[in-house]
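Q: Okay, predicted coordinates and the sequence, questions at the end:
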Amino acid sequence: MKNIFKVFVFLIPMVSFSQSSFEEIIKSNQEFQMQMNKDYADEKHSPLKEEDRLNFKSLPFFEIDTSFCVNAIFEKDKKPKAFAMKTTTDRAPIYAIYGTAYFSINEKEFELKIYQSHNLLEKEEYKNHLFLPFTDLSSGEESYGGGRFIDLLIPEGDSIIIDFNKAYNPYCAYNYKYSCPIPPRANFIKIKVLAGVKSPH
């Protein structure tokens, strides 16, 4: 896989932006931010504590940066094994590694494991959903120390678009009543991902 990665790494930016223009990426992320703010202000959907929700105006976002929207090479796991993912509580939800994404940012190569929730597989509307938890060099500084999440859909081919501008904080970053997955050590990337939602603190 490493050799394949090296062959395609220089094609990734061209492939990515032939499919999603800069304008489309900006527009998509503006809509994402608007929906996030709408949900966090909504009494029915907000994870915020009541006193925080009443004073809520907007989540703190990094400036949208199209260089953090990558078209990664995707390699599906041939024999996914179920395991209990660690959380901030005693809860142990069952996940499996659905596949691995290989990509580059600023000419540096990275790989991240992408997971599938066994619980969501039981719900028809979420059978196509994947979960990408990660930490990076900004974790605990510019971004939340417990890592961030990105929601993805199962790709049709051997590539998958990962937009770090859509990285969001787990609910426990705002309210300790929630139990949140802890990103596995394998999903630490040695770069500052200054995209998506900033630290709430």
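A: Good, I have the coordinates.
Q: quick one: contacts for the residue positioned nearest the centre of the chain?
A: With distances taken as C-alpha atoms, centre = their mean, the residue of the chain nearest its centroid is residue 150 (1.8 Å). For residue 150, the residues meeting the contact criterion (C-beta atoms under 8 Å, 6 or more residues apart in numbering) are 132, 134, 162, 163, 164, 166, 167, 168, 196. Every residue, glycine included, has its C-beta placed from N, CA and C.
Q: Quick check: bridge partners of residue 132?
A: Beta-bridge partners of residue 132, counted by DSSP bridges, are residue 150.
Q: burial count for it?
A: Residue 132 is flanked by 22 other residues according to other C-beta atoms under 10 Å.
Q: Correct me if wrong: it contacts residue 112.
A: Yes: the pair residue 132 and residue 112 passes the contact test of C-beta atoms under 8 Å, sitting 6.3 Å apart.
Q: Could I get the average pLDDT for the longest helix anywhere in the chain?
A: Selection of the longest helix in the chain by residue count, based on DSSP state H, yields helix 22-41. Confidence over helix 22-41 (mean pLDDT, whole number) is 96.
Q: which parts of the helix or strand following it are buried?
A: Moving toward the C-terminus from helix 22-41, the next helix or strand (DSSP states H and E) is helix 50-54. Within helix 50-54, the residues that count as buried by 16 or more other C-beta atoms under 10 Å are residue 53.
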